[in-house]
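Participant: dropping a prediction and its sequence here:
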Amino acid sequence: MADLTSRNTVLVTGGAGYIGSHVVLALRDGGRPVVVVDDLSSGRRAAVPPEVALVEGDVGDRDLIAHVLAEHRVGTVMHFAGSIVVPESVEKPLDYYRNNTANSLALIEACHRAGVERFVFSSTAAVYGMAESTPIDEEAPTRPINPYGRSKLMTEWMLADAAAAHGLRAVVLRYFNVAGADPQGRSGQCTRVATHLLKIAAQAATGQRPEIQIYGDDYPTPDGTCVRDYIHVSDLAAAHVAALVHLEAGGDSRTLNCGYGRGYSVREVLDMVETVLGRPLPTRIGPRRAGDPPALVAATARIGRELDWTPRHADLRTIVETALAWERRLVADAVAG
Ligand SMILES: NC(=O)c1ccc[n+]([C@@H]2O[C@H](COP(=O)([O-])OP(=O)(O)OC[C@H]3O[C@@H](n4cnc5c(N)ncnc54)[C@H](O)[C@@H]3O)[C@@H](O)[C@H]2O)c1
Ligand SMILES: O=c1ccn([C@@H]2O[C@H](COP(=O)(O)OP(=O)(O)O[C@H]3O[C@H](CO)[C@H](O)[C@H](O)[C@H]3O)[C@@H](O)[C@H]2O)c(=O)[nH]1
């Protein structure tokens, strides 16, 4: 019989990606043993610290996962691996159901077989769809409006059913708009196809794009542009560590919004980028982007109550400064070859 108490390694799937790599740093900063499984489809080997084992492979590969869980004495799985581009999910829905839903099923099954009972899952505010009112609490209806959101919601359901039937305990974290970079400059967003507002603004600020297009300024919001709740990626990483502590203390399954409960409009974000930069950026008003709700802001009472988590970077200037610092570094590294 395996000694379950000594299983304290955290398996981070997708740990070579943007958010996963920050969580790996937070776990390592706390002295936790970590192993990463990543197929490097969008992640980078360099994002994983050299002392952390990186197993290159597919999270849907049951044999590989079974081997990793046993070999590294994994006690908790944090599941980030997945496909994340909303418009792509509309064009290739089956790819999203395979990579986000079917591969999550394989991973959950592997955990069940191996007796791994603690699970932390990267979900998204996209599960709420066009929210009727904001701030949005966790009891709001889940009506995702694209395959990406549906592919993630189905994983939430599988985890809830596995929890009820098999004793798996899962913390589902529904992220709002994740942005910024490690304040120590160890990681940041490196995606090849940038779609997120702040990444695009950082690319424009560093001369990699001629301009930023604002997708619509006729929304029913104070300045007509969409409002979002931006959370610093390092605070989000700390929320994962708090979720781990909750589960290790015997805590039950939870579904928790991750945001600050404060919204900023697209214009406010771009104003802050210009303030930090000290010069204006070329912007152009374009048409609305399909599927954008006017405002998405998290109700945060539940995470404040359920987890021992205090945000440390909850201001837009810090988010923008760290994102810009990281982008400058990427540009400098590219120039240096
Ligand atoms: N970025 C956001 O704003 C945001 C918001 C809400 C939720 N999320 C969720 O957070 C998670 C991480 O997002 P991210 O922004 O860090 O994206 P990312 O693309 O940077 O990271 C995803 C990682 O998963 C890996 N991966 C993908 N498919 C895999 C597979 N089948 N097997 C093994 N590895 C695989 C990629 O190589 C990459 O390293 C995702 O599950 C995403 O749905 C992200
Ligand atoms: O070049 C751009 C890019 C974005 N935007 C606008 O900026 C806002 C934020 O857009 P992002 O693409 O940065 O983020 P989303 O709000 O669309 O989506 C993100 O946050 C969601 C929850 O709020 C989900 O978590 C989702 O997975 C994640 O990508 C939107 O109003 C969008 O229209 C622009 O005006 N111009």
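Facilitator: Sure, I can see it. Numbers count the residues shown, from 1 in each chain. Ligands and ions are numbered 1, 2, ... in the order given.

Participant: show me what the worst-scoring helix or strand of the chain on mean pLDDT is packed up against.
Facilitator: The weakest-scoring helix or strand in the chain, judged by mean pLDDT, DSSP states H and E, is helix 86-91 (a mean of 91). Where contact means 3 or more C-beta pairs under 8 Å, 6 or more residues apart in numbering; DSSP states H and E, helix 86-91 is packed against helix 93-96, helix 147-166. From N, CA and C alone the C-beta is placed, and that goes for glycine too.

Participant: reformat these as JSON lines; add mean neighbour count.
Facilitator: As requested, the helices and strands packed on helix 86-91 are exported to JSON lines (neighbours: other C-beta atoms under 10 Å):
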{"stretch": "helix 93-96", "mean neighbour count": "16"}
{"stretch": "helix 147-166", "mean neighbour count": "19"}
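
Participant: so how far is stretch 272-292 from its chain's centroid?
Facilitator: Stretch 272-292 has its average C-alpha position 23 Å from the chain's average C-alpha position, going by C-alpha atoms, centre = their mean, to the nearest Å.

Participant: the chain should start at 383 in everything you say after this.
Facilitator: Okay, residue one is now 383; in that scheme the one you just asked about reads as stretch 654-674.

Participant: before we move on, back to that, among the helices and strands packed on helix 468-473, which is nearest ligand 1?
Facilitator: Ligand 1 lies closest to helix 529-548 among the helices and strands packed on helix 468-473, at 6.0 Å (C-beta to the nearest ligand atom).

Participant: stretch 546-566: end-to-end distance?
Facilitator: Stretch 546-566 has an end-to-end distance of 41 Å (criterion: C-alpha to C-alpha, to the nearest Å).

Participant: now do Leu446, the pLDDT please.
Facilitator: As summarised for this prediction, Leu446 has a pLDDT of 98.

Participant: sorry, that was for Met383
Facilitator: The score at Met383 is 38. That number is its pLDDT.

Participant: near ligand 2 at all, stretch 598-609?
Facilitator: Yes. Where contact is defined by C-beta under 6 Å from any ligand atom, part of stretch 598-609 touches ligand 2, namely Cys608.

Participant: and stretch 576-592, by the same measure?
Facilitator: Yes. Using C-beta under 6 Å from any ligand atom as the criterion, contacts between stretch 576-592 and ligand 2 involve Thr577, His578, Leu579, Ile582.

Participant: what comes into contact with that stretch?
Facilitator: Contact with stretch 576-592 is made by 467-469, 559, 561-562, 571, 573, 593-594, 610, 612, 648, 651-652, 655, 659, 663-664, 701-702, 705-706, 708-710, 713, as judged by C-beta atoms under 8 Å, 6 or more residues apart in numbering.

Participant: ok, stretch 692-710 next?
Facilitator: Contacts of stretch 692-710 from elsewhere in the structure, counted by C-beta under 8 Å, 6+ apart, are 561-565, 567, 569-571, 580-581, 583-585, 587-588, 612-614, 616-617, 620, 642, 644, 646, 650-651, 654-655, 657-659.

Participant: that stretch near ligand 2 anywhere?
Facilitator: No. No part of stretch 692-710 sits near ligand 2 under the criterion C-beta under 6 Å from any ligand atom; the closest distance found is 11.5 Å.

Participant: list the buried ones in that stretch?
Facilitator: Within stretch 692-710, the residues that qualify as buried by neighbour count (16 or more other C-beta atoms under 10 Å) are 693, 695-696, 698, 700-709.

Participant: would a markdown table of the helices and strands packed on helix 468-473 with distance to Ala522 and mean pLDDT be doable?
Facilitator: Rendered in a markdown table, the data for those read as follows (distance: least, C-beta to C-beta, whole Å; pLDDT from 0 to 100):
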| stretch | distance to Ala522 | mean pLDDT |
| --- | --- | --- |
| helix 475-478 | 23 | 98 |
| helix 529-548 | 13 | 97 |
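
Participant: for Val430, find the nearest of those.
Facilitator: With C-beta to C-beta as the criterion, Val430 lies closest to helix 529-548 of the helices and strands packed on helix 468-473, at 23.5 Å.

Participant: helices or strands next to that closest one in the packing?
Facilitator: For helix 529-548, the packing partners by 3+ C-beta pairs under 8 Å, 6+ apart come out as helix 468-473, helix 475-478, helix 485-496, strand 500-506, strand 551-557.

Participant: what sits up against that helix?
Facilitator: Contacts of helix 529-548 with the rest of the structure, by C-beta under 8 Å, 6+ apart, involve 464-468, 471-472, 475, 478-479, 481-483, 486-487, 490, 494, 501, 503-506, 508-509, 511, 524, 526, 550-552, 554, 635, 637.
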